[in-house]
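Student: I'd like to go over a predicted model; first the sequence, then the structure.
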Amino acid sequence: MNIATWNVNSLRVRLPQVLDWLRDKAPDILCIQETKLKDEDFPVQQIESSGYQVAFSGQKTYNGVALLTRLSIEDVETDLPGLDDPQRRVLSATIGSLRVLNLYVPNGQEVDSKKYEYKLKWLEHLVDYVKEQLSSNSHVVICGDFNVAPEDRDVHDPEAWRGRILCSEPEREAFKALMAVGFHDVFRKFEQPEGAYSWWDYRAAAFRRNMGLRIDHILCSDKLYEYVKSCEIDKEPRKLERPSDHAPVVADIG
DNA sequence: ATGGCGCGCGCAGCGCGA
């Protein structure tokens, strides 16, 4: 069972790349973030034609998440309980015996800004939601753009980034609190190359110089961990013309 | 040097991302 996560930074622009990638990699499940599409504009037809079922929760211009799978989708949820939030950042669904959570965690803009406070509040609500999800199904996978680089080794220049957005201690603590509910970062189950990142700024030739951050993650619950066979970042789509600034992360969860 | 690039919106240049 292959599951992937990819922040596409506009599905309208990236749809051809996504369809090509689905054909090449044929994952069982793909979680997409930053579709930036209203639901009525979602390319249902083109995705279904490539053999995938789809669920989505979108809005105009910003955010938007989608779940694509070769299997059937049930029990979709699109909100964090207790958080009245118009921003479309959550899509949870049951796929077979698996509960899959697709997340686009707020960016936070700058430490101590209003958006940063929103990010931390959002992550607090997420912990409660994940606990609740785990209590009804012990097989949970959380995929998405977490907008948190959990450790210094996930950052190309840890000293330059120390304390800054995506790397600040409160963000890292929030990520740890999520893991403490009973999750594992699947990527770190395996030996990985030095400088493994999932996002590179469009500016300053950051990708060519590998000035990146690892902020896109696949987490699995305790019960699933022993079955996980692999996890890699696929840098190939980042090399294409007009790429997303994020690369897909793919795991074989057994 | 706090911008660089790319996207959406909408038709200029700004907000936003990370």
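Tutor: Arrived safely, thanks for sending.
Student: could you list the low-pLDDT ranges of chain A?
Tutor: The model of chain A has no residue with pLDDT under 70.
Student: would you say residue A:220 is within a helix?
Tutor: No - read with DSSP: H, G, I helix; E, B strand; the rest coil, residue A:220 is strand and lies in no helix.
Student: and it, what are its bridge partners?
Tutor: Note on residue A:220: beta-bridge partners residue A:141, residue A:184, judged by DSSP bridges.
Student: what's the neighbour count on residue A:117?
Tutor: 12 (other C-beta atoms under 10 Å). C-beta coordinates here come from the backbone N, C-alpha and C atoms, glycine included.
Student: revised request: answer the last question for residue A:228.
Tutor: 20.
Student: so which helix or strand takes in the spatially most central residue of chain A?
Tutor: The centre of chain A sits closest to residue A:144, judged by C-alpha atoms, centre = their mean, with a distance of 1.1 Å. Residue A:144 is part of strand A:140-145 when elements are defined by DSSP states H and E.
Student: what does residue A:6 give?
Tutor: Using DSSP H and E, residue A:6 falls in strand A:2-7.
Student: from the chain's centroid, how far away is the helix or strand that that strand is followed by?
Tutor: Using DSSP H and E, the helix or strand that follows strand A:2-7 towards the C-terminus is helix A:11-25. Relative to its chain's centre, helix A:11-25 lies at 16 Å (C-alpha atoms, centre = their mean, to the nearest Å).
Student: now do stretch A:148-158
Tutor: 17 Å.
Student: what about the helices in the stretch 1-150 of chain A?
Tutor: A:11-25, A:44-49, A:114-136 (DSSP state H, counting those that start in this stretch).
Student: which elements pack onto the strand holding residue A:144?
Tutor: strand A:2-7, strand A:29-33, strand A:98-104, helix A:114-136, strand A:216-221 (3 or more C-beta pairs under 8 Å, 6 or more residues apart in numbering; DSSP states H and E).
Student: please identify the most buried of those.
Tutor: For these, average neighbour numbers computed from mean count of other C-beta atoms under 10 Å are highest in strand A:29-33, which has a mean of 29.
Student: pull the residues that contact the next helix or strand after the strand holding residue A:144.
Tutor: Per DSSP H and E, strand A:140-145 leads on to helix A:158-161 as the next helix or strand towards the C-terminus. Residues outside helix A:158-161 that contact it (C-beta atoms under 8 Å, 6 or more residues apart in numbering): A:149, A:152, A:155, A:167, A:213.
Student: now the buried members of the residues you listed.
Tutor: A:149, A:155, A:167, A:213 (16 or more other C-beta atoms under 10 Å).
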